[in-house]
Structures are given as structure tokens and as C-alpha cells.
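Undergrad: Predicted model and sequence below, questions to follow.
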Amino acid sequence: MKIKTKLRLGIGLLFIMILVLSAVGVCNMNALSSDTENILADNYNTLEYCKNMIAALDAIQQKQSGFDDLEKNLDLQKKNITEPGEGLATEHISSLVPALKINQHDINQHLLIRKDISKIMELNMAAIKHKSDIARSTAEKANQWIVIASTLCLLLGMTLFINLPGNIVPEPVRDPSSIKRI
């Protein structure tokens, strides 16, 4: 085999190892990114809407206008139902708001709405914990695959480093008769 061919094969193998290692890293980082985006997109927004609804309820209790904020965040929440049980609690809040408008000082209505908001928040916090555990598991798997791919690439690279020079330029064979005897 020609020296050029041997060099091309050796360097080509190193290039392929770099591509494999890069692909393993990119795939695993994308999986981890996807897991964390699910947490932010789905659950963080719901917690924000719930916080705003509680602030609006506080304003209503203090005889200030808060119904616009309450209804606005309730509408946003209706469009962001992501967890089982969240829709039922959201609809229950919707059914209680008209009665609260009629009697803003009805403590029972306030408590029932707060209870449903708390339920929505609990569901979403549990979902965040669950999704965080999934993201942690994904990160651990990513680390394992990157270590495996890196180890294989290191072993192949060391093998090439040790063997390629000898394959390209073999050690000269000395003719025993050419050795001078003293």
C-alpha cells in the first residue's frame, strides 16, 4: 500500500472519530435542551398566571379593581393547560368568577378560587420536579455516551499514533553481514 493511501486512511479515521464524537455530543445536548424547554414552556407560564391571579384576588379583597387582571390571567391559563387535572381546576375557577363579581366580599368565593389556584400550582410544581428528574436522567445518559465515545476515540487515536508511523515507513532491516565486527 502506498504511503499516501496509508496517510489518508489514518487521517480519515481520525476525522471520522471527531465526527462521531461531535454527533454524540450534539445529539445528547439537544435531548437535554428539549427536556429543559418543556419545563419552562409548559409549567413556568402556568405558575406565573397563578401568581398574577392571586395578586388580583388580593386587590379585589382590598376593594381595588383586580377583575381585569384576574380574567386576563385566567384566559391565559385556559390556553396553557398542560397537566392532568389542571383543566378541571381552571374551569372551576371560571365558574366561580361570576359569583365573585356579584359579591366581591364573599370570603368563601375567594377561598374556593385560591384553593383551585393552589391545586393548579401544586400540579405544575410536581410536573416540574418530574420533568427535572427526566432532564437529570438525560444528562447522566449524555455523560455516559460522551465518555464511551471519547474512550473509544482515544483508544483508536492511540493505536493510530503508535502503529501508523511504523506502517508508513517500516523500520529498515539490517543485513547481518553488513554489521562490522570488532
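TA: Nice, I can see it. Just so it is clear, the model here is predicted, and its values are computed rather than measured.

Undergrad: shaky segments in the protein?
TA: Low-confidence segments of the chain, defined by pLDDT under 70, span residues 38, 167-182.

Undergrad: Do you have the helices of it handy? List them.
TA: Counting by DSSP state H, residue ranges of the helices within the chain are 3-38, 45-61, 67-78, 86-102, 107-168.

Undergrad: Pick the most buried one from those helices.
TA: Neighbour counts (mean count of other Cβ atoms under 10 Å) averaged over each of the helices of the chain peak at helix 45-61, with a mean of 18. C-beta: built from backbone N, CA, C; applies to glycine.

Undergrad: Next, the angle from it to helix 107-168.
TA: Put simply, helix 45-61 runs at 160 degrees to helix 107-168, going by axes from the mean of the first three to the mean of the last three Cα atoms, to 10 degrees.

Undergrad: Which strands and helices lie in contact with helix 45-61?
TA: For helix 45-61, the contact count by 3 or more Cβ pairs under 8 Å, 6 or more residues apart in numbering; DSSP states H and E identifies helix 67-78, helix 86-102, helix 107-168 as packing neighbours.

Undergrad: nearest to residue 6, of these?
TA: Taking Cβ to Cβ, helix 107-168 is the member of the helices and strands packed on helix 45-61 nearest to residue 6, at 5.0 Å.

Undergrad: Give me the distance from that closest one to the chain's centre.
TA: In this view, helix 107-168 has its centroid 6 Å away from the chain centroid, taken as Cα atoms, centre = their mean, to the nearest Å.

Undergrad: same question, stretch 105-118
TA: In terms of Cα atoms, centre = their mean, the gap separating the centre of stretch 105-118 from the centre of its chain is 35 Å.

Undergrad: so which of the helices and strands packed on helix 45-61 gets nearest residue 50?
TA: Distances from residue 50 to each of those were compared using Cβ to Cβ; the minimum, 4.9 Å, belongs to helix 107-168.

Undergrad: got the angle between that closest one and helix 86-102?
TA: For helix 107-168 and helix 86-102, the angle between their directions (the same axes, to 10 degrees) works out to 150 degrees.

Undergrad: Quick one: list the elements packing against helix 107-168.
TA: Here helix 107-168 touches helix 3-38, helix 45-61, helix 86-102, going by 3+ Cβ pairs under 8 Å, 6+ apart.

Undergrad: Between helix 67-78 and the second one, find me the angle.
TA: Orientation note: helix 45-61 sits at an angle of 160 degrees relative to helix 67-78 (the same axes, to 10 degrees).
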